[in-house]
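Asks: This is a predicted model, with the sequence first.
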Amino acid sequence: MSKYDMITLYGPLVLIALALVWGFARMTYLSRTKGVSVLAFVGRKRTGAESVLALTAIALDGYLIARPFAPGLDRFVMTAPNLYAHYGVAVMALGIAIAVLSQADMGKAWRIGVPSAAEESQSLVTTGLYRFSRNPIYVGIMLFIVGSVIAAPGPVTILSLILTWVFVNKIIDSEEAFLRTAFGEEFEAYCTHTRRWL
């Protein structure tokens with residue numbers, strides 16, 4: 001197995017593991033040191049968009065994690081061979097880096113899901129990567145999935161890309177409605193000079 005094959009097979013697994021460790025560490029840190037629970041969806045029913053995205057993430061990540069250990073999996077799910085697959089892993093790494101930095105930029109304001117009301121620990125974040133995009137975490141997620149399409153082009157990754165694009169935009173709509181209510185003119189002013197994506 002060449003070093004490029006190793007990168008293509010094991011790189012996504014390592015990136016997913018690093019992202020999960022970061023996310024759990026960040027949640028634990030905010031909970032223990034700042035008294036903030038980032039799980040805004042707890043205590044309310046998940047929306048359809050949240051459910052579809054969660055299932056899509058589980059399916060895509062499960063597939064990427066299983067690839068090194070199930071050699072026939074790619075053939076089973078009709079993944080096409082790609083000589084440049086290792087470049088896809090680099091794009092995936094860039095996406096993870098952007099998502100991690102964006103979460104750090106949010107500080108105590110980071111939440112998973114849309115809260116029912118603004119909390120004292122929340123403020124409108126417009127610095128760091130949020131100067132360039134209103135949704136840099138989602139930019140990072142989309143880059144990760146684009147990288148997965150390059151690394152393992154096939155129905156699983158392509159469908160994940162399409163579903164994520166459609167349903168992330170629905171979630172952004174609900175997040176922006178919350179921000180508009182919570183921060184009013186401050187959020188409107190932010191929208192006039194910062195794009196939704198890039």
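Replies: Nice, thanks for sending it over. Numbering: from 1, shown residues only.

Asks: tell me the SS of the residue nearest the centre of the chain?
Replies: Centroid check for the chain by Cα atoms, centre = their mean gives Ile141 as the closest residue, at 3.4 Å. For Ile141, the assignment made with DSSP: H, G, I helix; E, B strand; the rest coil gives helix.

Asks: Output the longest helix belonging to the protein.
Replies: Determined from DSSP state H, the single longest helix within the chain is helix 155-193.

Asks: helices and strands around that one, which ones?
Replies: Helices and strands touching helix 155-193, as assessed by 3 or more Cβ pairs under 8 Å, 6 or more residues apart in numbering; DSSP states H and E, comprise helix 48-66, helix 136-151. Yep, even glycine has a C-beta here, placed from its N, CA and C like the rest.

Asks: deepest of those helices, which one?
Replies: The highest mean neighbour count among those, using mean count of other Cβ atoms under 10 Å, belongs to helix 136-151: a mean of 22.

Asks: Enumerate every residue touching Gln103.
Replies: Trp22, Gly23, Arg26, Trp110, Ile137 (Cβ atoms under 8 Å, 6 or more residues apart in numbering).

Asks: How many neighbouring residues does the second one have?
Replies: Per other Cβ atoms under 10 Å, the neighbour tally for Gly23 reads 16.
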